[in-house]
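Chemist: my questions are about this predicted structure, shown below with the sequence.
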Amino acid sequence: MNQPLPDRGHLLQRTRRARATARAWPSPRLRSSSAIGLLALSLAASAAFADTLKVGPHHPLRLPSQAAALARDGDTIEIEAAYYPGDAAVWRASNLTIRGIGGKAQLLSQGVTAEGKAIWVVKGRNTTIENIAFIDARVPDRNGAGIRLEGANLTVRDCLFRDNENGILTGANPESEVLVEGSEFDHNGHGDGRSHNIYIGAIRKFTLRNSVSQNARIGHQVKSRAAVTLIQNNRIQDGPTGRSSYLIDLPSGGDAVIEGNTLHRGKWAENHTMVAYGAENMPHAMNQLRVIGNTFVNDLRQGCRLIWVKPRIATAAVSRNRFVGCTRIDGAVQMADNITMAKE
């Protein structure tokens, strides 16, 4: 896959000629004599303009990794819907928007990862990733991810993470926020209980909404150590053959809201607890759990527990939920307006 990189200046000249509306000034990024001559005049205007790099079988940049090598702060990378086997990338620039065009761009690891960590390692700040599929990332230390976030502030929309050892894996960064919406996490995890569909480290805020997390391999469907965690309007489930541990694990406590989700524990699950709060340390200044308006369904044949809250440390407000096939909740919990139903 070590194809020579096209010249960035030449690529951007071609892109600009194809645009319906030309810019008044050439980008100072062009490494041509004309761009250099106009640099002083266009410097003030250049900050408002970001370049678009197009990737795909029908473009000079054929691989996402080639665009990653050329990308600069503020660029948009448009990746044509196609299969990109054995291509991995490190994204170092900040303020990037990376999106699939015409359908999902499908990244199949096939044993290739960036830095031995992930299909994509994101080191820049304020990165948005849309309409990309990350498939089958595996590494020797058993935590290969679709996306590994080492920078700060990541937004993921309409993406698919399947058959990786982790779907998304982040480090600890108290200044970072992660938003995931409209995405699917399916069959991620090595199978040793240490890797998960989603694993968010100790960051400032994590939001998961309007997404699906299912069929995690032994690990958790969603795990977050963030100071603030919002899990809203998702479907989080084991499926008919799933063997996950917790559906939601919040081991470090924090300010957490679980609202409007469908939480379905399968009959083959490895753990009878659906939601666990504070199972490890509690380092955050604010520790409170609110579980509001969810539907919990239990198919596990032996034992069940809807929610576990660390004793004597934290309290939970549990209201307006529907509990099907299970009633057990352990810990300091304030209950209000919940409905309990027998399994049909």
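Modeler: Noted; the coordinates are in hand.
Chemist: for stretch 57-75, what is the average pLDDT?
Modeler: Averaged over stretch 57-75, pLDDT sits at 97.
Chemist: what's the first-to-last distance across it?
Modeler: 20 Å (C-alpha to C-alpha, to the nearest Å).
Chemist: buried residues in it?
Modeler: Buried residues in stretch 57-75, defined by neighbour count with 16 or more other C-beta atoms under 10 Å: 59-68, 70-72, 74-75. C-beta coordinates here come from the backbone N, C-alpha and C atoms, glycine included.
Chemist: show me the biggest strand of the protein in terms of residues.
Modeler: strand 173-181 (DSSP state E).
Chemist: and that one, which strands flank it?
Modeler: Neighbouring strands of strand 173-181 in its sheet, by DSSP bridges, are strand 152-157 (parallel), strand 203-209 (parallel).
Chemist: and the helix or strand encompassing Ile168 with strand 173-181, angle?
Modeler: Using DSSP states H and E, Ile168 falls within strand 166-170. Going by axes from the mean of the first three to the mean of the last three C-alpha atoms, to 10 degrees, strand 166-170 is angled at 150 degrees with respect to strand 173-181.
Chemist: shouldn't Glu181 be in contact with Leu154?
Modeler: No. Using C-beta atoms under 8 Å as the test, Glu181 is too far from Leu154 to be in contact (11.9 Å).
Chemist: more crowded one of those two?
Modeler: Counted by other C-beta atoms under 10 Å, Glu181 and Leu154 do not tie: Leu154 has more neighbours, with 24 against 17.
Chemist: which residues touch that one?
Modeler: Val122, Thr127, Thr128, Ile129, Ile147, Thr170, Ser176, Glu177, Val178, Leu179 (C-beta atoms under 8 Å, 6 or more residues apart in numbering).
Chemist: what about 10 Å?
Modeler: 122, 124-129, 147, 168, 170, 176-180, 200, 203, 206 (C-beta atoms under 10 Å, 6 or more residues apart in numbering).
Chemist: ranges for the helices of the stretch 51-200 of the chain?
Modeler: 64-70 (DSSP state H, counting those that start in this stretch).
Chemist: since we're on the residue lying closest to Gly266 once chain neighbours are set aside, how many residues are nearby?
Modeler: In space, and not counting its chain neighbours, Gly266 is closest to Asp238: 2.9 Å by C-beta to C-beta, 6 or more residues apart in numbering. Asp238 has 24 neighbouring residues, counting by other C-beta under 10 Å.
Chemist: surely Asp238 is in contact with Lys267?
Modeler: Yes. With contact defined as C-beta atoms under 10 Å, Asp238 counts as touching Lys267 (8.1 Å).
Chemist: quick check: closest non-adjacent residue to Asn164.
Modeler: Asn164's closest residue in space is Ala137 (C-beta to C-beta, 6+ apart), at 4.1 Å.
Chemist: just Pro57 next, same as before
Modeler: Counting by C-beta to C-beta, 6+ apart, Pro57 lies nearest to Ala82, which is 5.7 Å off, once chain neighbours are set aside.
Chemist: got it, and His272?
Modeler: Gly303 is the one closest to His272 (C-beta to C-beta, 6+ apart), at 4.2 Å.
Chemist: the one you found reaches Met274, doesn't it?
Modeler: No. The pair Gly303 / Met274 is not scored as a contact, 11.7 Å apart, by C-beta under 10 Å.
Chemist: out of the two, which sits in the more crowded spot?
Modeler: Taking other C-beta under 10 Å, Gly303 and Met274 do not tie; Met274 has more neighbours (30 against 11).
Chemist: between the strands paired with strand 173-181, which one is closest to Arg320.
Modeler: Smallest distance to Arg320 across the strands paired with strand 173-181 (C-beta to C-beta): 18.1 Å, for strand 203-209.
Chemist: listing partners with orientation, what would you give for the helix or strand just after the closest one?
Modeler: Note on strand 203-209: by DSSP H and E, the next helix or strand toward the C-terminus is strand 212-214. Using DSSP bridges, strand 212-214 pairs in its sheet with strand 184-186 (parallel), strand 235-237 (parallel).
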